[in-house]
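K.L.:
would you be able to build a 3D model of this:
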Amino acid sequence: MKTLEIIRTDVANTYTTTAVATTVIGATYQIDGTEQTVSAPEGQTLVLVVDGAQENLIPGASYEVKEEFEIASVGVFRVGGPSAAPWSGAKEEEKVTYYFRQALLVKDGKIIDDCSIPQLIQGGSFDASCADGITLTSNAPHFNGIILDDGTKYEIKNSKFYAKGDGSDDLSGWGASIMADNKAVVDIIDSYIETEGCIRCGLYVDNTAVVTVKDSVLYSKETPDTLEEYHNLTPAMMKRVPFALGIEGTVRTLNVMADGQGIFKDSVIVSTGWGAISCDSGTAYDICGTYCLDCDNVLSGIGTLEVAQEGKEYTAVREIGGVKYGFTVCGSGYVSYADSGVHNRYKNVEFYSPDYIQIMGSGRSGSEYIDSYLYAEHNAFMTQQSAGGTYELANTKIDTVDALLQIKSGAANTGFSNIIVDNCEINFSGASTRSKDGILVELVESDDAGNPGITTYTINDHADEAEATLSSVTDSNATLKNGAYKGDIYNCIYNYRQELNVSVENATLTGTVSSSTAVHVDLDGKVVPNGTVLNAFLGSKEYDHINYNAEQGGQSGDCLIIGRFCHTAAPMLNNPINLTLKDAKWVVTGDGYLQNLSVEAMSDIAAEAAVTINVKKLTVAGEAKPDGVYTEGNVTIVVDSTVIEAADNGICGAGQTYGNAAYTFFAKTEDGELDSKAFTVKRQNYIDGKLYYTILPADGYTIVSTSSEGGTISKNTAGGELAIYEDVIAPGKGETAMSVTAIVKR
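P.N.:
Take a look at the predicted model:
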């Protein structure tokens, strides 16, 4: 046994802890009292290997060497930046620069020797096309295992990967155990991948690469950092989940980017917090034509994973490669995520979450769940800043506590989405502080706190101050068919006008369906007063940790109030619901307010106790009924077609950028008349802090000119997923709000 001590290092960059760890070009060390110095050739950096594992090469580190050690040099495969998230506030010269270092780099089917460290690949065998039975261990941050690039076809089987230490950017694959990029085609079979650290992905897929994972386990545990280490960590992108999502966590097990594709079969994928199966900033299905995530017979969730112990109870147990694993749901996070218009398919899966099964973000993203079991302890699904995406659930059982689907829209970030539920079993269980009977679908005013750098949100529920408006958001839609469904459906949008269309087909719906007002409630069901500031958990100084699940010094639960609304049925203002029954029955459980109610017969509606439904229009067997009162058993329907007059404010779209600058699109006619019906806006916020958009004139309208305030408009020249947008607007320096005004002709 020898003692190795690192005395000092020379680094190419010193402005961040990440740079200090990744740009070592010289090192002085002492081994059993003998001091030596080593330097890296130009264009390379130094990597410490102790007994076959990569270790942290930093001053003051000390290691017991059982067999051998080496300070190896490796070519920096990829240098990027300076780069940083637009919300980080870093000075240009202080932004993180990417220095990729890896144990094995295979490009175009060839091993790049001077960019590889074969000493780190223990056991088994490997070549330019396959790694079989190997073990790869990284005990230090910002280090990649195997990178497969430029069309490489590769197979990894019967292998194990361990990575302990922080990653650097899970939106670029920096620090991932396995990374597939640029049309690489990779099969991972009978393998185990475990990471432990902030934003340290087990698997990263990008740029038309396709990775198929079979009979394997991917497990990511959150950072073991102290509070000081965590706050000193300066990655290129997010090191924690955006507070706006209402969850906590610091790691995603995998990330599929751009038009990459991840195919998972007969596997287990677990994260202790944030995300398990994730795709981010993907390329829309309309463009690439492939599923981003395609999962079959996969167990996945947020919680802990271990080799199952005899007699111990687990949430779920799954045998992989002859080993029985026990999974326990806990922590905070979502199982899956989709944005930018990608489409995912999940068949015969088991998903478990203490918060959400899935969140869909920007674009017209979609997800199919077929023959599956899903368990959520908050809302099963949520959409945010969406643009028409659809959840399709078929022959699936869902156990959830609060809601099946929450659609966020309104003033903070307009959005619209859809859900189709076919022959499914929806159960509401556990103690909900939001609804007695559970919520099937709710369209709510978004409480999006802002970009991922924002860590506070101030409660501001003000439906009582709302005024009728003509400015509208595209309808959201919900279809329930072929089953018996119990739960409420609400629309509480009030800053814009947005309709929720509900269709019940060959099914029974039991619940309240109504326009509503909604307020935030806490975990005890008490109303959270306006002005209350919610704070993300950023660590405990007293207990010197960042473990939000800690019994002492952990999070206060503020994040769990994000999205936690309690509804009260109320007369419609800007929040219509249109309900249609087709060969269906509605068992009404509470008074409600609808815009349109269409039934085949009055007998299709029933109630156990007296209820009143107020509607603007009632259609029975295709015939519109005149204003008046109609009674069917315990159900009284009051038809009053009076319309509330609304002023036109000319707003055709609004929201906020990733840089947290508010934006608004206005329409005016040539004579100065405001006209919110003149156009719609297809748009996407991007991580560069800009808004990419296309103005789509309504029928009969022509755009004459556009102008802006608070920002600069230019023609879009970006490629990839952004290429579909015509224009881009960037906020001016120091500006927190910007607007685009289009002059229209009709």
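
K.L.:
helix or strand right after the least confident helix or strand in the chain by mean pLDDT?
P.N.:
In the chain, no helix or strand scores lower on mean pLDDT, DSSP states H and E than strand 79-83, which sits at a mean of 76. Following strand 79-83 in sequence order, the next helix or strand is strand 96-99 (DSSP states H and E).

K.L.:
that next one pairs with which strands, parallel or anti?
P.N.:
Sheet pairing for strand 96-99, assigned by DSSP bridges, gives strand 79-83 (antiparallel).

K.L.:
can you give me the buried ones in the partner strand?
P.N.:
Buried residues in strand 79-83, counted by 16 or more other Cβ atoms under 10 Å: Pro82, Ser83. Any C-beta I mention is one placed from the backbone N, CA and C, and that applies to glycine too.

K.L.:
how far away from the center of its chain is it?
P.N.:
24 Å (Cα atoms, centre = their mean, to the nearest Å).

K.L.:
mind checking the longest strand of the chain?
P.N.:
Of all segments of type strand in the chain, defined using DSSP state E, the longest is strand 293-307.

K.L.:
and that strand, average pLDDT?
P.N.:
Across strand 293-307, pLDDT averages out at 98.

K.L.:
for that strand, name the packing helices and strands.
P.N.:
In terms of contacts (3 or more Cβ pairs under 8 Å, 6 or more residues apart in numbering; DSSP states H and E), strand 293-307 is packed against strand 261-271, strand 273-282, strand 316-320, strand 323-329, strand 332-338, strand 343-347, strand 350-353.

K.L.:
how far out from the middle of the chain is that strand?
P.N.:
17 Å.

K.L.:
buried stuff in it?
P.N.:
293-305.

K.L.:
which members of those are the farthest-apart pair?
P.N.:
The span of these, defined through Cβ to Cβ, is set by Asp294 and Thr304 at 26.2 Å.

K.L.:
so for stretch 337-347, first residue to last residue, what's the gap.
P.N.:
Criterion Cα to Cα, to the nearest Å; first-to-last residue distance in stretch 337-347 is 16 Å.

K.L.:
picking that back up, in TSV, list the buried residues of strand 293-307 along with distance to Asp475.
P.N.:
As requested, the buried residues of strand 293-307 are exported to TSV (distance: Cβ to Cβ, whole Å):
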residue	distance to Asp475
Leu293	27
Asp294	29
Cys295	30
Asp296	33
Asn297	36
Val298	33
Leu299	36
Ser300	32
Gly301	33
Ile302	32
Gly303	37
Thr304	41
Leu305	41
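
K.L.:
and the pLDDT at the closest residue in space to Ser476 that isn't next to it in sequence?
P.N.:
Leaving aside its sequence neighbours, Ser476 sits nearest to Phe416 (Cβ to Cβ, 6 or more residues apart in numbering; 4.7 Å). You'll see Phe416 listed with a pLDDT of 94.

K.L.:
ok, now which ones touch Asn344?
P.N.:
Cys279, Tyr291, Cys292, Leu293, Asp294, Cys295, Ser336, Ala338, Ser365, Gly366, Ser367, Glu368 (Cβ atoms under 8 Å, 6 or more residues apart in numbering).

K.L.:
now the fourth one: how far from Leu722?
P.N.:
Using Cβ to Cβ, to the nearest Å, one obtains 21 Å as the distance from Leu293 to Leu722.

K.L.:
pretty sure Thr612 contacts Val639?
P.N.:
No - checked against Cβ atoms under 8 Å, the pair Thr612 and Val639 is beyond contact range at 11.7 Å.

K.L.:
returning to what we had before: how many degrees apart are the longest strand of the chain and strand 323-329 in direction?
P.N.:
Angle, strand 293-307 to strand 323-329, by axes from the mean of the first three to the mean of the last three Cα atoms, to 10 degrees: 100 degrees.

K.L.:
what angle do strand 293-307 and strand 343-347 make?
P.N.:
Interaxial angle, strand 293-307 versus strand 343-347 (the same axes, to 10 degrees): 50 degrees.

K.L.:
CA atoms only: put strand 293-307 into PDB for me.
P.N.:
Provided in PDB are the C-alpha atoms of strand 293-307 (Å, rounded to 0.1, in the frame of the first residue of the first chain):
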ATOM      1  CA  LEU A 293     -38.400   8.000 -26.200                       C
ATOM      2  CA  ASP A 294     -39.800   4.500 -27.000                       C
ATOM      3  CA  CYS A 295     -40.200   2.400 -23.900                       C
ATOM      4  CA  ASP A 296     -41.500  -1.200 -23.600                       C
ATOM      5  CA  ASN A 297     -41.700  -3.200 -20.400                       C
ATOM      6  CA  VAL A 298     -39.800  -0.600 -18.400                       C
ATOM      7  CA  LEU A 299     -39.900   0.000 -14.600                       C
ATOM      8  CA  SER A 300     -39.100   3.600 -13.900                       C
ATOM      9  CA  GLY A 301     -39.600   6.100 -11.100                       C
ATOM     10  CA  ILE A 302     -38.300   8.600  -8.600                       C
ATOM     11  CA  GLY A 303     -37.000   7.000  -5.500                       C
ATOM     12  CA  THR A 304     -34.300   4.500  -4.400                       C
ATOM     13  CA  LEU A 305     -33.100   1.300  -5.900                       C
ATOM     14  CA  GLU A 306     -31.200  -1.600  -4.300                       C
ATOM     15  CA  VAL A 307     -30.700  -5.300  -4.700                       C
END
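
K.L.:
got the helices and strands packed on strand 293-307 as a markdown table, with mean pLDDT and distance to Ile147 columns?
P.N.:
Compiled in a markdown table, the helices and strands packed on strand 293-307 are given as follows (pLDDT from 0 to 100; distance: least, Cβ to Cβ, whole Å):
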| stretch | mean pLDDT | distance to Ile147 |
| --- | --- | --- |
| strand 261-271 | 98 | 16 |
| strand 273-282 | 94 | 19 |
| strand 316-320 | 98 | 25 |
| strand 323-329 | 98 | 28 |
| strand 332-338 | 97 | 24 |
| strand 343-347 | 97 | 25 |
| strand 350-353 | 98 | 29 |
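
K.L.:
would you list those strands in JSON lines and tack on distance to Asp114?
P.N.:
What follows is the helices and strands packed on strand 293-307, written out as JSON lines (distance: least, Cβ to Cβ, whole Å):
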{"stretch": "strand 261-271", "distance to Asp114": "30"}
{"stretch": "strand 273-282", "distance to Asp114": "31"}
{"stretch": "strand 316-320", "distance to Asp114": "36"}
{"stretch": "strand 323-329", "distance to Asp114": "37"}
{"stretch": "strand 332-338", "distance to Asp114": "37"}
{"stretch": "strand 343-347", "distance to Asp114": "39"}
{"stretch": "strand 350-353", "distance to Asp114": "43"}
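
K.L.:
between these, which one is nearest to Lys682?
P.N.:
Checking those against Lys682 by Cβ to Cβ gives strand 273-282 as the closest, at 16.9 Å.

K.L.:
and the nearest residue to Ile426 once chain neighbours are set aside, which of the three is it?
P.N.:
With sequence-adjacent residues excluded and distances taken as Cβ to Cβ, 6+ apart, Ile426 is closest to Ile398, at 5.2 Å. Three-state assignment for Ile398 (DSSP: H, G, I helix; E, B strand; the rest coil): strand.

K.L.:
burial check on Ile398, number of neighbours?
P.N.:
22 (other Cβ atoms under 10 Å).

K.L.:
may I see the buried residues of stretch 435-452?
P.N.:
For stretch 435-452, burial by neighbour count (16+ other Cβ under 10 Å) applies to 435, 438-452.

K.L.:
that older thread, keeping just the C-alphas, turn the least confident helix or strand of the chain into PDB.
P.N.:
The C-alpha atoms that make up strand 79-83 are tabulated as PDB, following Å, rounded to 0.1, in the frame of the first residue of the first chain:
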ATOM      1  CA  VAL A  79     -14.000  22.400 -26.200                       C
ATOM      2  CA  GLY A  80     -17.000  24.600 -26.200                       C
ATOM      3  CA  GLY A  81     -18.100  28.000 -24.900                       C
ATOM      4  CA  PRO A  82     -17.700  30.200 -23.200                       C
ATOM      5  CA  SER A  83     -21.200  29.100 -22.400                       C
END
